[in-house]
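Engineer: sequence unknown, structure follows:
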DNA sequence: TTATTTGCAAAACCTTTGCCCGCGA
DNA sequence: TCGCGGGCAAAGGTTTTGCAAATAA
């Protein structure tokens, strides 16, 4: 289908923008990342990428994720328990709600909280460079 | 000095309350934890505890920290980079500012932010069980 | 006494790295 | 061509665990 070559082209552009070579392995990783909306970890990304390009190794997944993180293309999260989980960077900043029971991740955004954070830091003579806000929640019955 | 036996007694009480045996190793760990105000990691706690009681092993430090965490006596934090860091649970809940340059940890508390968090979760049908808020900051020049 | 707790060493994780070959530009 | 990027396997750092000896109650 046409969608696939569009996708590949997009990935190619993203990689060139990052100033790194366009390899089959990187295109595969980027495409599964683009599809994912569940904040997968490196091993999960590796499994999914292998379906697209069987030659991808876990080492390459980690190496590529690090590069892309440096370029601001992906974001790394260290939620409670287990290893790092990743998502492609999207336009708007957001924080996360984690469903304790199901492991689901929900994104949310609050300007008010961001403002309060800046205020608090400013009062202590600091400037917020980045932050982490995670709400570990349970569904209300 | 009198202070020391007071301290030991306090540790003893804390351990009995947790329903676990009062061992030299655990008393040593709890005493260095009580003294610490810098959120040390397990290896650092081990080093400090060894000064009090040379027979403490790192395995025991980890085992005891897990038990005490379960009992709500200590709290475990997973700040960016490196391993878990610990502090004794104190009365009032608080979040952390981390100085990116020095590694210093500053505690702060904001009822307003907590309220907003609850509101956001409620709107999505969730209930906040616990949360993590970390501000990675730089001193303003 | 006896059930818990310990130290030690090994294992278990997750992530990074060295090396040499292969592929992208 | 030529140098970046690849797989593989080994190493790294942190945390957990199996086991027999030690110890608190």
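Structural biologist: All right, it came through fine. As the structure is a prediction and not an experimental result, all values here were calculated from the model.

Engineer: For the spatially most central residue of chain A, give me its contacts.
Structural biologist: By CA atoms, centre = their mean, the mean C-alpha position of chain A lies nearest to residue A:87, the distance being 1.7 Å. For residue A:87, the contacting residues are A:33, A:36, A:37, A:39, A:74, A:75, A:77, by CB atoms under 8 Å, 6 or more residues apart in numbering or on different chains. Where you see a C-beta, it was placed from the backbone N, CA and C, and this is true even at glycine.

Engineer: ok, the closest residue to the last one other than its chain neighbours - contacts?
Structural biologist: Think residue A:77. Spatially, and ignoring its direct neighbours in sequence, residue A:77 is nearest to residue A:85 (5.0 Å; CB to CB, 6 or more residues apart in numbering or on different chains). Residues near residue A:85 by CB under 8 Å, 6+ apart: A:39, A:40, A:41, A:76, A:77, A:78, A:79, A:105.

Engineer: Spit out the contact partners of residue A:116.
Structural biologist: By CB under 8 Å, 6+ apart, residue A:116 lies in contact with B:110, B:112, B:113, B:116.

Engineer: do you know how far it is from residue A:131?
Structural biologist: Distance of residue A:116 to residue A:131, computed by CB to CB, to the nearest Å: 11 Å.

Engineer: just residue A:14 next, same as before
Structural biologist: From residue A:14 to residue A:131 the distance is 26 Å (CB to CB).

Engineer: what angle sits between the one helix or strand residue A:135 maps to and strand B:126-139?
Structural biologist: Per DSSP states H and E: residue A:135 is located in strand A:126-139. Taking axes from the mean of the first three to the mean of the last three CA atoms, to 10 degrees, one finds strand A:126-139 and strand B:126-139 inclined to each other by 170 degrees.

Engineer: got a list of contacts for strand A:126-139?
Structural biologist: Contacts with strand A:126-139, where a contact means CB under 8 Å, 6+ apart, come from A:77, A:79-80, A:95-101, A:113, A:117-118, A:121, B:80, B:97, B:99-100, B:106, B:117, B:120-121, B:125-140.

Engineer: which stretch of helix or strand covers the closest residue to residue A:112 other than its chain neighbours?
Structural biologist: Among residues not flanking residue A:112 along the chain, residue B:116 sits closest, at 5.6 Å (CB to CB, 6+ apart). Assigned by DSSP H and E, residue B:116 belongs to helix B:111-123.

Engineer: Give me the buried stretch members for that helix, please.
Structural biologist: Of all the residues in helix B:111-123, those buried under the rule 16 or more other CB atoms under 10 Å in any protein chain shown are B:113, B:114, B:117, B:118, B:120, B:121.

Engineer: and of the residues you listed, the nearest to DNA strand D?
Structural biologist: DNA strand D has its nearest neighbour among these in residue B:117, at 25.8 Å by CB to the nearest atom of the strand.

Engineer: And that closest one, how close does it get to residue B:44?
Structural biologist: Distance check for residue B:117 against residue B:44: by CB to CB, it reads 31 Å.

Engineer: cool, and residue A:130?
Structural biologist: Separation of residue A:130 from residue B:44 (CB to CB): 25 Å.

Engineer: Kindly report the same for residue A:71.
Structural biologist: 34 Å.

Engineer: Then residue A:105?
Structural biologist: 32 Å.
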